[in-house]
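Student: Fold the following and give me the result.
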Amino acid sequence: MTVIDTSAGAVFIALVLTSILFGVTWTQAIHYYQRCKRDSMVPIIAVTGLLLMDTAFMSLVAYGSYVFVVKAIGDLTVLLLVPRALAATVLLSLSSVFLVRGFFLHRIWLLSNRNLFVLVFNSILLFGSYGLGLYSGIRILGVRFTPELANLSWEIYCIMCPGIAEDFYIASMMCYYLFRSRNEFPKTNSLMNSLAAYAINTGLLTVIWDSCMIISYATANHTLIFIIFFLSLSKLYINALLASLNSRPAMRRQAERVGFSSFRLSESGRFRHLRKGRRVEPQESELESAVETIDIRLPSASELEAGNSKVSLEWSVKDLPQPFLRI
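Tutor: Modelled structure (predicted):
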């Protein structure tokens with residue numbers, strides 16, 4: 001590979017990949033705004049802020065790529081200069097990832113029943129990695145020439161390695177609380193497994209992308225190949241958040257199918273004596289045959305408020321992960 005391939009070529013590939021993910025982000029954002037009427041202002045403001053930051057990020061990437069690639073035609077010495085626009089994307093990328101990780105860490109806190117220790121630990125982890133990343137990002141802003149990027153291994157690793165650890169922690173803790181919510185109901189456990197699989201896939205993708213950037217920088221730090229992964233990294237986080245928000249309606253429907261609120265035994269002839277006030281315990285054979293007459297039913301909101309719902313046998317999944325369905 002020539003110097004042009006590993007510098008201008010890498011920036012061009014990064015621009016194309018980032019543009020594709022930017023289009024996916026806006027597609028998911030439009031889908032979210034069409035269905036966000038039930039949300040509070042917090043997620044709506046967070047999504048809007050992320051979109052504004054992502055648009056500014058994309059503008060800097062497009063301008064920096066133009067300066068680096070187009071202006072290098074006829075003057076290869078331009079490839080030795082680091083465009084200020086591309087350097088500024090470091091801070092925007094760190095801020096976007098910070099907000100997305102904060103969203104998922106907030107979910108973990110809710111899943112822990114608002115445990116104070118979890119809140120403190122999550123805050124230290126979140127702000128510690130962000131502060132270390134900002135310090136490293138500011139040092140990267142001072143770089144003027146591309147060969148100097150090979151001397152910034154400490155700064156690059158300080159940005160990426162804590163991110164890998166944080167993503168692994170988020171996926172692990174979500175799976176822990178989800179599997180802890182399992183009970184004797186198979187359909188509820190199936191919902192837990194779906195949520196856990198989603199958490200693992202989301203965290204695994206970002207971990208793989210971070211690892212690819214570290215490997216590409218460690219093996220070829222005299223090139224700009226690592227920028228392919230860096231410029232598109234924040235897009236993966238934003239899309240993970242939007243996909244999580246957009247998946248809630250499907251999760252709600254699945255929760256309703258497994259009887260999220262309650263279910264009742266239908267009023268069959270075998271149990272009419274219970275309605276008449278006779279405290280006659282049914283035999284084992286009657287209970288086994290009553291399975292055929294089970295009627296799954298979700299009481300309406302008016303019935304629940306009036307307190308007159310005809311529910312004779314109720315169960316509630318208290319540990320069902322409400323943060324996945326609510327925020």
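Student: Now do the same for residue 74: helix, strand or coil?
Tutor: coil (DSSP: H, G, I helix; E, B strand; the rest coil).
Student: what's around it, how many residues?
Tutor: Neighbour count of residue 74, defined by other CB atoms under 10 Å: 6. All C-beta spots, glycine's among them, are computed from the backbone N, C-alpha and C.
Student: which residues does it contact?
Tutor: For residue 74, no contacting residues are found, by CB atoms under 8 Å, 6 or more residues apart in numbering.
Student: so where's this structure shaky on pLDDT?
Tutor: 1, 181-196, 198-199, 201-202, 250-252, 254-327 (pLDDT under 70).
Student: all helices for it, in order.
Tutor: Taking DSSP state H as the test, the helices found in the chain are 3-4, 10-33, 41-65, 84-111, 116-141, 153-180, 186-219, 227-246, 248-257, 272-275, 284-289, 301-306, 322-326.
Student: so what's residue 97 closest to, chain neighbours aside?
Tutor: residue 237 (5.0 Å; CB to CB, 6 or more residues apart in numbering).
Student: and the one you found, how many neighbours?
Tutor: Close neighbours of residue 237, defined as other CB under 10 Å, add up to 26.
Student: just to revisit the earlier point, out of the helices of the chain, which comes closest to residue 73?
Tutor: Evaluated over the helices of the chain, closeness to residue 73 peaks at helix 3-4, with 10.2 Å, by CB to CB.
Student: Show me what the closest one packs onto, helices and strands only.
Tutor: Helices and strands touching helix 3-4, as assessed by 3 or more CB pairs under 8 Å, 6 or more residues apart in numbering; DSSP states H and E, are absent.
Student: From the chain's centroid, how far away is that helix?
Tutor: How far helix 3-4 lies from its chain's middle: 36 Å, per CA atoms, centre = their mean, to the nearest Å.
Student: same deal with stretch 91-111?
Tutor: Worked out by CA atoms, centre = their mean, stretch 91-111 lies 8 Å from the chain centre.
Student: With stretch 126-146 instead?
Tutor: 24 Å.
Student: which outside residues touch that stretch?
Tutor: 7, 79-82, 87-88, 90-91, 94, 98, 101-102, 105, 149, 152, 154-156, 158-159, 162-163, 166, 224.
Student: and that stretch, which residues are buried?
Tutor: Using 16 or more other CB atoms under 10 Å as the test for burial, stretch 126-146 gives 126, 129-130, 132-134, 136-137, 140, 146.
Student: for those, which one is nearest residue 208?
Tutor: Within the buried residues of stretch 126-146, proximity to residue 208 (CB to CB) peaks at residue 129, which comes in at 18.4 Å.
Student: if we can go back for a sec, including distance to residue 71, could the helices of the chain go into JSON lines?
Tutor: Below are the helices of the chain laid out as JSON lines (distance: least, CB to CB, whole Å):
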{"stretch": "helix 3-4", "distance to residue 71": "13"}
{"stretch": "helix 10-33", "distance to residue 71": "12"}
{"stretch": "helix 41-65", "distance to residue 71": "11"}
{"stretch": "helix 84-111", "distance to residue 71": "12"}
{"stretch": "helix 116-141", "distance to residue 71": "20"}
{"stretch": "helix 153-180", "distance to residue 71": "26"}
{"stretch": "helix 186-219", "distance to residue 71": "25"}
{"stretch": "helix 227-246", "distance to residue 71": "17"}
{"stretch": "helix 248-257", "distance to residue 71": "46"}
{"stretch": "helix 272-275", "distance to residue 71": "84"}
{"stretch": "helix 284-289", "distance to residue 71": "80"}
{"stretch": "helix 301-306", "distance to residue 71": "62"}
{"stretch": "helix 322-326", "distance to residue 71": "48"}
